[in-house]
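> Could you work out the structure for the sequence below:
(4 chains)
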Number of protein chains: 2
Amino acid sequence: MASPEPPLPHRPVRGSTTGRPIMAILDLLGRRWSLRILWELRDAPLTFRALQGACDAISPTVLQQRLKELRAARLVSHDPGQGYGLSATARRLLPTLLALQDWAETWASEEEH
Amino acid sequence: MASPEPPLPHRPVRGSTTGRPIMAILDLLGRRWSLRILWELRDAPLTFRALQGACDAISPTVLQQRLKELRAARLVSHDPGQGYGLSATARRLLPTLLALQDWAETWASEEEH
DNA sequence: CTTTTATGCTACTGAATTTGTAGCATACGA
DNA sequence: TCGTATGCTACAAATTCAGTAGCATAAAAG
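Below you'll find the predicted structure:
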């Protein structure tokens, strides 16, 4: 499997034993597909399979693993009938993600020339 | 080694063939240690070994790989004598990283109760 | 000049994570 | 009773990461 303990604030995580919240989130978001999953859920909840499709056919094994971690961290919640969606806490992260997108556009325009 | 082609905007990346810049950066930052490296360089340039120490003894293999990718993406530059530092482009990402830290503090306070 | 120290980097092996495919059980509507 | 969607799991192969050791160059110290 993956790391037995999903990263949480106030807990030691991979790469840091201090328990600082920023370290926990850097660990969590630094795992493959984590950021992408949050990104794909930015507008509306998606079912497991819709999310799988949105993430370019991510394998169900990893999706399941990431969702488990994101749920443990209370960033994602599951409502049968709705599917998976961002928690209120995670939605407060959306402006940051959108800022990341804006930044990425500039970054891209600089790469060109 | 790792992925032969470091993620760049306007190029297909792992998990997305569209070439959208946001996908490239989600791939890049979604690799182990990428976010952490940018984080540790936020204040000042660090030498390879200082950076290694800051990242809780990250193995040199991966650090080398990440730096290679981040340099290909023009987020990190290397100045012999100074060490590794954030590019002007990457520095424009710092407010977003600091916003992430702020968010993480709130997130942590909500976990407690 | 010789030794020490720091830096950037590589080799190599084993461990951990991710991928891809197949498939199961439940639930719901036709 | 089919057919379909959903959430999820098993398993083997492939990729990535970790940990340790060590090299080459360069600058400083002796």
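> Who are the contact partners of the residue sitting nearest the centre point of chain A?
Central residue of chain A (CA atoms, centre = their mean): A:Ser34, 3.4 Å from the mean position. The contact partners of A:Ser34, by CB atoms under 8 Å, 6 or more residues apart in numbering or on different chains, come to A:Leu28, A:Arg66, A:Glu69, A:Leu70, B:Gly30. Bear in mind the C-beta positions are built from the backbone N, C-alpha and C, glycine included.
> who's in contact with the fourth one?
Taking CB under 8 Å, 6+ apart as the criterion, A:Leu70 is in contact with A:Leu28, A:Ser34, A:Ile37, A:Leu38, A:Val76.
> all strands for chain A, in order.
A:76-79, A:83-86 (DSSP state E).
> Any chance of TSV for the ones you listed, columns mean pLDDT, mean neighbour count and distance to DNA strand D?
Listed next are the strands of chain A as TSV, based on pLDDT from 0 to 100; neighbours: other CB atoms under 10 Å in any protein chain shown; distance: least, CB to the nearest atom of the strand, whole Å:
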stretch	mean pLDDT	mean neighbour count	distance to DNA strand D
strand A:76-79	96	16	6
strand A:83-86	98	18	4
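> Below-threshold pLDDT in chain A: ranges please.
A:1-4, A:113 (pLDDT under 70).
> I'd like to know which elements the longest helix along chain A is packed against.
Taking DSSP state H as the assignment, the helix of chain A that covers the most residues is helix A:94-112. Contacts defined by 3 or more CB pairs under 8 Å, 6 or more residues apart in numbering or on different chains; DSSP states H and E place helix A:94-112 against helix A:34-40, helix B:21-29, helix B:88-91, helix B:94-112.
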